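Chemist: quick one, what's the 3D model for this:
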Amino acid sequence: MENKKFDINSIMGFVFMGLILLWMFYSQSKQTKADQLKKALELKKQDSIQKANPTTKVIDSLKVQTAALVPQTTDSVQNLALQTKLGAFAYSASIPSAKENKTVLENDLLKIIINNKGAKIEEIQLKKYQTYDKKPLYLVKDDNAQLEINFNTKDNRVLNTKDLYFEPVLVQKDGFQTLSMRLKVSETQYLEYVYILKPADYMLDFNIQSVGLEQVLDASKPVKLTWDLKTIHTEKSLNYEGINTALVYRFDDNEFNEVLGAAKPKIKDVSNVNWVAYRQQFFTSILAAKQPIKGMVAKAENLVKDEEIDTVHTKRFTTEIPLTIEKGNLKNEWNFYFGPADYNKLKVFPEMQLERSVNMGWGLFRWINKYLFIPIFDLLKGSIASFGLIIILLTLVVKLIMSPLVFKSYLASAKMKVLRPEMEEINAKYPGKENAMKRQQEVMAVQSKAGVSMLSGCIPALLQMPVFFALFRFFPANFDLRQKSFLWADDLSAYDSIYELPFKIPIYGSHISLFPLLASIAIFFYMQMTQSQQANMQPPAQEGMPDMQKMMKVMLWVSPVMMLFFFNQYGSGLSLYYFVSNLLTIAIMWVIKEYVVDEAKVHAMVQKKKAEEPKKKSAFRQRLDDAMKQAQEQQEKQKKIKK
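Modeler: Below is the predicted model:
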């Protein structure tokens, strides 16, 4: 058998192959170490972002780069089902962000949590405030809100963003937080929500836009944004809070409307809308458009059917808004405001007029609050810590301003008292219904000659009514009174309960409030004191006419009871004002009666006036006398016909 020998060529070949293998192993090892180092740097970067915002889902850039090339699921059946259901948007359900992860936007005032699914705002917490029972205060929590877009695609699908997954990317720079939520068709095609939160601000920039969806969205059909919110009960009185909770919107640049809601939804269809606010008693959520909304449907519904059962939410507000499409893509810019319904905080946006979302009354009442009571209140609170004392001083200022009107009214009453014997003589001279016109003419002649008018007592009282109604709106809307205590009242914006009843009285409630009780007692004594004054202002009872004195005696008892029932569940600050106001009015009237108005001098004044030459009648008075004379002549003709 022949022995085989290795020649030099074979040996060289094996050596060369071995060197090649060693080089390959070395290169692979070096590449692996480089990959590991790169991966470690990537993980370190992700970890730093995660620490800055621990609930934010940070997307692995390597996975994002490969997502367009390699499907994230190997289940072809699932892919096919997604494709059938979502069409082009199936891609959004296949990437790593297709999970219900959450992203947090937070500054010193707000904490907002947004879910990947639907880019839905899951929670909005106002960090500086608490509910009436000292719990954290939320505007959005436990699925009480929805912000969604309903749209059509060119492959005849109707989709809603609430069912789709968005990919979050959070960028933080100089205290500004920008969150991009993208609903992807591919890496370069998407529908996007952009939230921008500024430091120490309740205002949030909010944009809705799309990129590269010209061949995906069906622009021939409307794309509708729906904003729905069930307002959370945050204040002590559920009923009082509900009364002051409303949907408010600004339209046509300078027009405003308020929808309170009822058991059945109230629906408003309005155009050219600038902003819509879901205002609770002391907090508000506002969506403001940078360009007017061409058409909007707003709905308001009362959710409290039974105050013993329905204690979580007060009302439900829904707004449907058509979005703007330009060249096949969405482009809409907005602002969100989530914060206190504080007139002073909202008026820092003068071009938006957000302060009009706070109900300070309408027309003249709002004007009085804006230019009189708000400045006075702000001036007082700058130097006085107790808001109860501020209310008392504000009441004193109001009463001093109104005191000339009280004086005019009392003086008119004193003059009428002097003329009363003459008017009673006229009644006796012209008895019966048939002489009613003649009696009235004679009474007016006596009053005119003495320089006295029935209106001289009524007009001062009427001039005080706008102040009454303005303050009736001022106190419930005054944010500064919220959770401020005074004496036994722990919250001047809510009722002051000194005793809880074991049962509930309709309208009145199940508690006893002391300030309304004191205000009712003060009203009783005020009306008792002024009853004689009011009686002097009334002419003597005439046949066939209602007896006004009897009616006033009834009102003496009815008015305090109405006050007691009506205000028992209202804010104690309002009841404190009416209590102090009536006490001051009683004091002012007593001073006028005892030290200012001398009835003997008033009598002399009236007699002197009667002795003067009568002045020429005004055109109005002449027409009135002519009308009464004509009516008297007609009455006499009818008498003759009957005879």
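Chemist: any stretches of the chain with poor pLDDT?
Modeler: Scanning the chain for pLDDT under 70 picks out the ranges 1-75, 414-415, 417-426, 428-461, 531-552, 596-643.
Chemist: check contacts around the spatially most central residue of it.
Modeler: Within the chain, the residue whose C-alpha comes closest to the C-alpha centroid is residue 279; the distance, by C-alpha atoms, centre = their mean, is 2.6 Å. Residue 279 is in contact with 245-248, 341, 357-359, counting by C-beta atoms under 8 Å, 6 or more residues apart in numbering. Using the backbone N, CA and C atoms, a C-beta is placed for each residue, glycine as well.
Chemist: of these, just say which sits nearest to residue 119.
Modeler: Of all these, residue 247 has the smallest distance to residue 119: 23.5 Å, by C-beta to C-beta.
Chemist: list the beta-bridge partners for the closest one.
Modeler: Judged by DSSP bridges, the bridge partners of residue 247 are residue 259, residue 278.
Chemist: how about the strands in the stretch 151-300 of the chain?
Modeler: Applying DSSP state E, counting those that start in this stretch to the stretch 151-300 of the chain gives strands spanning 158-160, 167-173, 176-186, 189-197, 203-211, 224-232, 246-251, 255-259, 266-279, 283-302.
Chemist: ugh, wrong one, I meant the stretch 1-150 of the chain
Modeler: 102-106, 110-115, 121-130, 136-140, 145-152.
Chemist: Serialize these to CSV and add fields for mean neighbour count and distance to residue 530.
Modeler: CSV is the format used below for the strands of the stretch 1-150 of the chain (neighbours: other C-beta atoms under 10 Å; distance: least, C-beta to C-beta, whole Å):
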stretch, mean neighbour count, distance to residue 530
strand 102-106, 19, 58
strand 110-115, 21, 52
strand 121-130, 18, 43
strand 136-140, 19, 45
strand 145-152, 20, 52
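Chemist: I'd like these as JSON lines, with distance to residue 528 appended.
Modeler: Formatted as JSON lines, the strands of the stretch 1-150 of the chain follow (distance: least, C-beta to C-beta, whole Å):
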{"stretch": "strand 102-106", "distance to residue 528": "59"}
{"stretch": "strand 110-115", "distance to residue 528": "53"}
{"stretch": "strand 121-130", "distance to residue 528": "44"}
{"stretch": "strand 136-140", "distance to residue 528": "45"}
{"stretch": "strand 145-152", "distance to residue 528": "53"}
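Chemist: let's have the strands of the stretch 151-300 of the chain in TSV, adding distance to residue 321.
Modeler: Formatted as TSV, these follow (distance: least, C-beta to C-beta, whole Å):
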stretch	distance to residue 321
strand 158-160	15
strand 167-173	24
strand 176-186	18
strand 189-197	14
strand 203-211	10
strand 224-232	5
strand 246-251	11
strand 255-259	16
strand 266-279	8
strand 283-302	5
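Chemist: return the most buried member of those.
Modeler: Most buried of the strands of the stretch 151-300 of the chain by mean neighbour count (mean count of other C-beta atoms under 10 Å) is strand 246-251; its value is a mean of 24.
Chemist: who touches that strand?
Modeler: Contacting residues not belonging to strand 246-251 are listed as 256-261, 268, 270-279, 296, 298-300, 315, 317, 319, 353, 356-357, 359 [C-beta under 8 Å, 6+ apart].
Chemist: thought residue 323 was touching residue 224, still the case?
Modeler: Yes. The criterion here is C-beta atoms under 8 Å, and residue 224 meets it with residue 323 at 7.1 Å.
Chemist: that older thread, nearest to residue 173, of the strands of the stretch 1-150 of the chain?
Modeler: strand 102-106 (13.6 Å).
Chemist: so what's residue 467 up against?
Modeler: The contact partners of residue 467, by C-beta under 8 Å, 6+ apart, come to 368, 398, 402.
Chemist: next one: residue 244
Modeler: Counting by C-beta under 8 Å, 6+ apart, residue 244 has contacts 280-281, 359, 476-477.
Chemist: quick one on the thing from earlier: overlap of the contact sets of residue 224 and residue 323?
Modeler: residue 149.
Chemist: so which strand or helix has the residue nearest to residue 289 when sequence neighbours are not counted?
Modeler: Distance criterion C-beta to C-beta, 6 or more residues apart in numbering; nearest residue to residue 289, sequence neighbours excluded, is residue 334 at 5.7 Å. Element membership for residue 334 (DSSP states H and E) is strand 329-340.
Chemist: only alpha carbons, please: show that strand as PDB.
Modeler: Extracted C-alpha coordinates of strand 329-340, given in PDB (Å, rounded to 0.1, in the frame of the first residue of the first chain):
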ATOM      1  CA  ASN A 329     -54.700  67.300   4.800                       C
ATOM      2  CA  LEU A 330     -56.000  68.500   8.100                       C
ATOM      3  CA  LYS A 331     -54.700  71.800   9.500                       C
ATOM      4  CA  ASN A 332     -56.300  73.100  12.700                       C
ATOM      5  CA  GLU A 333     -54.800  75.200  15.500                       C
ATOM      6  CA  TRP A 334     -56.400  75.600  18.900                       C
ATOM      7  CA  ASN A 335     -55.800  76.500  22.500                       C
ATOM      8  CA  PHE A 336     -57.000  74.600  25.500                       C
ATOM      9  CA  TYR A 337     -57.500  76.200  28.900                       C
ATOM     10  CA  PHE A 338     -57.900  74.000  31.900                       C
ATOM     11  CA  GLY A 339     -58.100  76.000  35.100                       C
ATOM     12  CA  PRO A 340     -60.000  78.200  37.500                       C
END
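Chemist: tell me which of the strands of the stretch 1-150 of the chain sits nearest to residue 210.
Modeler: Evaluated over the strands of the stretch 1-150 of the chain, closeness to residue 210 peaks at strand 145-152, with 9.5 Å, by C-beta to C-beta.
Chemist: could I get the closest one in PDB with only the CA atoms?
Modeler: Written as PDB, here are the backbone C-alpha positions of strand 145-152 (Å, rounded to 0.1, in the frame of the first residue of the first chain):
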ATOM      1  CA  ALA A 145     -64.200  62.900  28.900                       C
ATOM      2  CA  GLN A 146     -63.600  62.100  25.200                       C
ATOM      3  CA  LEU A 147     -61.800  63.900  22.400                       C
ATOM      4  CA  GLU A 148     -62.200  62.100  19.100                       C
ATOM      5  CA  ILE A 149     -62.200  62.500  15.400                       C
ATOM      6  CA  ASN A 150     -64.600  60.700  13.100                       C
ATOM      7  CA  PHE A 151     -63.400  60.500   9.500                       C
ATOM      8  CA  ASN A 152     -63.900  58.600   6.200                       C
END
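Chemist: what's the distance between that strand and the middle of its chain?
Modeler: 24 Å (C-alpha atoms, centre = their mean, to the nearest Å).
Chemist: so what touches that strand?
Modeler: Residues outside strand 145-152 that contact it (C-beta under 8 Å, 6+ apart): 118-121, 139, 158-162, 191, 208, 217-218, 221, 223-230, 323.
Chemist: paired strands for that strand, with orientation please.
Modeler: When DSSP bridges is applied, strand 145-152 pairs with strand 158-160 (antiparallel), strand 224-232 (antiparallel).
Chemist: angle of that strand against strand 136-140?
Modeler: 20 degrees (axes from the mean of the first three to the mean of the last three C-alpha atoms, to 10 degrees).
Chemist: ok, and the closest non-adjacent residue to residue 331?
Modeler: Going by C-beta to C-beta, 6+ apart, residue 331 has residue 209 as its nearest residue, at 5.3 Å.
Chemist: who does the one you found form a beta bridge with?
Modeler: In this entry, residue 209 is beta-bridged to residue 192, residue 331, by DSSP bridges.
Chemist: and it, how far is that from residue 324?
Modeler: According to C-beta to C-beta, to the nearest Å, residue 209 stands 10 Å off from residue 324.
Chemist: give me the common contacts of these two.
Modeler: Taking C-beta under 8 Å, 6+ apart as the contact rule, residue 209 and residue 324 both touch 330-332.
Chemist: for the stretch 451-600 of the chain, just list every one of the strands.
Modeler: Counting by DSSP E, counting those that start in this stretch, the stretch 451-600 of the chain has strands at residues 497-505, 509-513.
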